[in-house]
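S.K.: Quick one: sequence plus predicted model below, questions after.
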Amino acid sequence: MADLTTVTRGQQNVALGMSTFAFTVCFAVWTIFSIIGVRIQQDLGLSDAQLGLLVGTPILTGSLVRVFLGIWTDQIGGRIVYVLTMLLAAAATWLLSYATTYEMMLLAALGLGLSGGAFAVGVAYVSKWYPTSQQGTALGIFGAGNVGAAVTKLAAPFVLVAFGWTAVAQVWAAALVVTALVFWFTTRDDPELVERRAKGIKPKGTLLQMEPLKNIQVWRFSLYYFFVFGAFVALSLWLPRYLMGVYGLDIQTAGLLAAAFSIPASLFRIYGGYLSDRYGARAVMYVTFGVSAVCTFMLAYPHTDYVIHGVHGPIAFSTQMGLVPFVMTVFVLGFFMSLGKAAVFKHIPVYYPGNVGAVGGLVGMIGGLGGFVLPIAFGAMLDVTGLWTSSFMLLFAIVSVSLLWMHFAIRAMEKGATRETLEQLPELPEMQPIHRPELARPSRVIEDWRPEDADFWEKKGKAVAARNLWISIPNLLLAFAVWGVWSVVIAKLPSVGFQFTTDELFWLAALPGLSGATLRIFYSFMVPIFGGRLWTTLTTASLIIPAMGIGYAVQDPNTPYLIFLVLALLCGLGGGNFASSMSNISFFFPKQEKGHALALNAGLGNLGVSVMQFVIPLVITVGVFGALGGEAQAVDETTRLWMQNAGFIWVPFLIVAAVAAWFGMDDLASARASFRDQAVIFGRTHNWIMCYLYTGTFGSFIGYSAGFPLLAKIAFPEVDSLQYVFLGPLIGALARAGSGWISDRWGGGRVTFWTFGLMIAAVGGVLYFVANKDMPGAFWGFFAMFMVLFLATGIGNASTFQMIPVIMRKEIDRLMPELGATERTRQADKESAAIIGFTSAIAAYGMFFIPKAYGSSIELTGGPAAALWGFLFFYVICMGLTWFVYTRRGGLLHDIEAGGGKPTAPATRVKHAQRSA
């Protein structure tokens, strides 16, 4: 590598800026057939397969020449090769405008494709201006020249309509000539070429330049680029045709919407380079392939009509992705493809500094071939199957194979490595044969974690724990928002034409609790198995499915009730997140701060219910997404609602939160454990006792949150209660977040005992005002008692979770005295985390039973009083159980909490016992 100490920042900026601008123009020319091809097909009467071949021919040329252009760049310099490439491509583009037959157009398209080869020239030229540590970002900026595809889609349709397709070819050719001249007069030869000429060193021969290409790792690595870049090019060319064929759009609108894919898939490549420099290619590639698999699966599902033969006759419904969700999903796909493109090219100049042109050319060639092969395959599959979505079926297969191959290759690489050498492996297995230790990236798995060590905690642990906590909180908040979304949606469904009975509506409010509670049983054991970082990312991303589904379903009153039941069950994915989130955070904090940390995570996470109940009544009254959000539903002659916003509004936030979790959170090696290791909690008596008590606190909170809006509307129909009901979950969530210190100070057992007493009194107040609902101010009395009830549940949620680690520290000392102090602490922390997750799973069934109890009580007795009496009796049992097992003199926690919430020293305990006697 050349000496870059004499290179100025200004020279670097000029080289990078002009190279990126030139590549943008080249890419605009390279994808010109995505617009003019549609008109040429009409003029010549071409089939879809013939159009695919014409569109793909420039891609073939631009791909095949990349290896040789890259080698020539390394040999004679990027400046001259770049200019000659642009001029030759411009000549072919100009001649295209004079072609009159299909064969002549194919011949011109071959020469036009040289513009695509400019990528290999630019990669080799730009990389020589920057040190290794900055090459990922620099090449990410250069790669953003892919936005040229969007330039063509935005501008070419208007030129085509005004002057014809031949004018498009002539204007684009002229722009290429001007760009070539500007590039020649504003840039200079790269520093490596200048240094080689000064020393009289001859460049490597072509065979030596191609030496690295014999490595199978390079070819395997190139396959990843086949999807992230090849599929991008293919979709850039195919989308206008797809949008016109599927949605009946005109060519201007189709080009504009296709740009919604091309622009993010180009500009965000810059960010992908930055992320690859900072976090490594492995993380970026996993996220790219994972999200792309989800997106292509959604896009691949064809328009389908279903008929279910039910008891009362056939139930018919259909599935189809509308224009708005299609554009949104394609936008997301393009964004993550852009990250992957940068990640693929991150390592080429690092591992092959002397062969950037050849290796980059090969990788670019394989990717470019994807842009050639795939449009042809799209057209052929459409001709054979008659399914427009067959193109996305093919892409789903490709990305799935790529993801699995990469994962198993990484696992195979790691399998032979010991713990000590694992962190010295490269980010991707393709680089292992040429990897050097100094190129290794720090692992996101923290091996040394000692939160009970005061010095370690202050210097390192506290900051890491805080970062993971504050990323966990918004993820959990969104999970609660999606989990509880039906509590508001069901209250509005009748007003927009859905003919569901009261019991059916309560079932929709209850089912997320049923599925969420069941999922929590499994989620509670996942963090020690998969790691908190990966699991948080996956579980947050999974919530996009029910959020999008709700947005589709509520737009049509004819949507079968069965679909709503399925979506309600899927919303339970949000409920499951709580168990894994709390389990994960519990590992990061020392004992004296666990109560407060868990209270913050759970309390602010619980706030998602209140945020949801406050936000949804607002967003459904306005067209938040404009024309992209779909049509409004009529309530009456003057009122319109956009019910779909209740689901769509969460999607962008879920994407951001999932990305933040992947790139910002950590895994702890000390938290790793198999299911078998954690299953020991099923034999712990206190696990089952705490399940019962936590059902009384959290089960009540989430159950009341789900049932309160509809109960208030039914009990007091004359009051517009939806504008107030969000205050209940808000008070409960803030009480949980702000009261953890009370339990840390005075003891969770004592706080829990008095909390149940307050809940008993509050339920008694609710019963009184429900029985006397006709008296003046009855609603406000009813409302006030529920606010007290929510306050008590919030305080009790924090206090019960504070009890668990304290109980298990004491129990492990008794049950496993043979372990050392450190091992006992670690075992207690693992069991506490598992119990926290499992108790939250059992308690979450409250979200099912409380709304269902209301519905059954109203159906059987005509009112909710029977259900409320049952709740009151349950709290009496909880209060007695807390006193008998934990807080009475002789109870498990009495000696600890009598000392102010902190374990007392042995001598102090003896003196206390003597005084008590």
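M.R.: Structure's in. What do you need?

S.K.: And for L618, the neighbour number?
M.R.: For L618, the neighbour count with other C-beta atoms under 10 Å is 12. C-betas here are computed from N, CA, C, even on glycine.

S.K.: Next: the one 5 residues further on.
M.R.: A count of nearby residues for G623, using other C-beta under 10 Å, gives 16.

S.K.: from what I can see it touches W642, true?
M.R.: Yes. G623 is within contact range of W642, at 5.6 Å (criterion: C-beta atoms under 8 Å).

S.K.: now the stretch 651-800 of the chain, which segments are flagged as low pLDDT?
M.R.: 670-680, 722, 740 (pLDDT under 70).

S.K.: Okay, helices next: where are they in it?
M.R.: 651-664, 675-678, 685-694, 700-715, 727-746, 748-771, 778-815 (DSSP state H, counting those that start in this stretch).

S.K.: Single out the most deeply packed of the ones you listed.
M.R.: helix 700-715 (a mean of 26; mean count of other C-beta atoms under 10 Å).

S.K.: Not counting its neighbours along the chain, what's nearest M406?
M.R.: Using C-beta to C-beta, 6 or more residues apart in numbering and skipping residues adjacent in sequence, the residue nearest M406 is M285, 6.4 Å away.

S.K.: swap in D503?
M.R.: Closest to D503 by C-beta to C-beta, 6+ apart is G855, at 5.1 Å.

S.K.: How many neighbouring residues does the one you found have?
M.R.: Neighbours of G855 (other C-beta under 10 Å): 25.

S.K.: cool, and L860?
M.R.: There are 10 residues near L860, going by other C-beta under 10 Å.

S.K.: before we move on, the earlier item: can you redo the helices of the stretch 651-800 of the chain as a markdown table with distance to S586?
M.R.: Shown next, in a markdown table, are the helices of the stretch 651-800 of the chain (distance: least, C-beta to C-beta, whole Å):
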| stretch | distance to S586 |
| --- | --- |
| helix 651-664 | 17 |
| helix 675-678 | 13 |
| helix 685-694 | 14 |
| helix 700-715 | 19 |
| helix 727-746 | 13 |
| helix 748-771 | 14 |
| helix 778-815 | 7 |
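
S.K.: Out of the ones you listed, which is closest to D636?
M.R.: helix 700-715 (17.9 Å; C-beta to C-beta).

S.K.: Can you report how many residues lie near Q170?
M.R.: 17.

S.K.: List the contacts of the residue nearest to it when sequence neighbours are not counted.
M.R.: Distance criterion C-beta to C-beta, 6+ apart; nearest residue to Q170, sequence neighbours excluded, is S97 at 5.1 Å. Counting by C-beta atoms under 8 Å, 6 or more residues apart in numbering, S97 touches 166-167, 169-170, 173.

S.K.: In three-state terms, label the closest residue to K810 other than its chain neighbours for me.
M.R.: Nearest non-adjacent residue to K810, counting by C-beta to C-beta, 6+ apart: L892, 6.8 Å away. L892 falls in the coil class when you classify it by DSSP: H, G, I helix; E, B strand; the rest coil.

S.K.: Tell me which stretches of the stretch 351-500 of the chain form helices.
M.R.: 356-385, 390-415, 419-422, 454-456, 462-483, 486-492.

S.K.: Distance from the chain centre to the second one, please.
M.R.: The chain centroid and the centroid of helix 390-415 are separated by 19 Å under C-alpha atoms, centre = their mean, to the nearest Å.

S.K.: Let me see the ranges of the strands in the stretch 251-400 of the chain.
M.R.: For the stretch 251-400 of the chain, the strands defined by DSSP state E, counting those that start in this stretch cover 304-310, 313-319.

S.K.: same thing with the stretch 1-150 of the chain?
M.R.: Under DSSP E, counting those that start in this stretch, the stretch 1-150 of the chain gives no strands.

S.K.: those helices in it, which residues are they?
M.R.: Listed in chain order, the helices of the stretch 1-150 of the chain (DSSP H, counting those that start in this stretch) span 9-30, 33-44, 48-64, 66-76, 78-96, 102-112, 118-127, 132-143, 148-163.

S.K.: ok, and which of those helices has the densest surroundings?
M.R.: In terms of average neighbour count - mean count of other C-beta under 10 Å - the standout among the helices of the stretch 1-150 of the chain is helix 118-127, at a mean of 30.

S.K.: What angle do helix 48-64 and that one make with each other?
M.R.: Per axes from the mean of the first three to the mean of the last three C-alpha atoms, to 10 degrees, the angle that helix 118-127 makes with helix 48-64 is 30 degrees.

S.K.: For helix 118-127, which outside residues touch it?
M.R.: For helix 118-127, the external contacting residues (C-beta under 8 Å, 6+ apart) are 15-16, 19-20, 22-23, 26-27, 62, 66-67, 69-70, 73-74, 77-79, 81-82, 85-86, 89, 135, 138-139, 142, 145, 190, 345, 348-349, 356-357, 360-361, 364-365, 368.

S.K.: mind checking pLDDT for A167?
M.R.: We note a pLDDT of 90 for A167 in this prediction.
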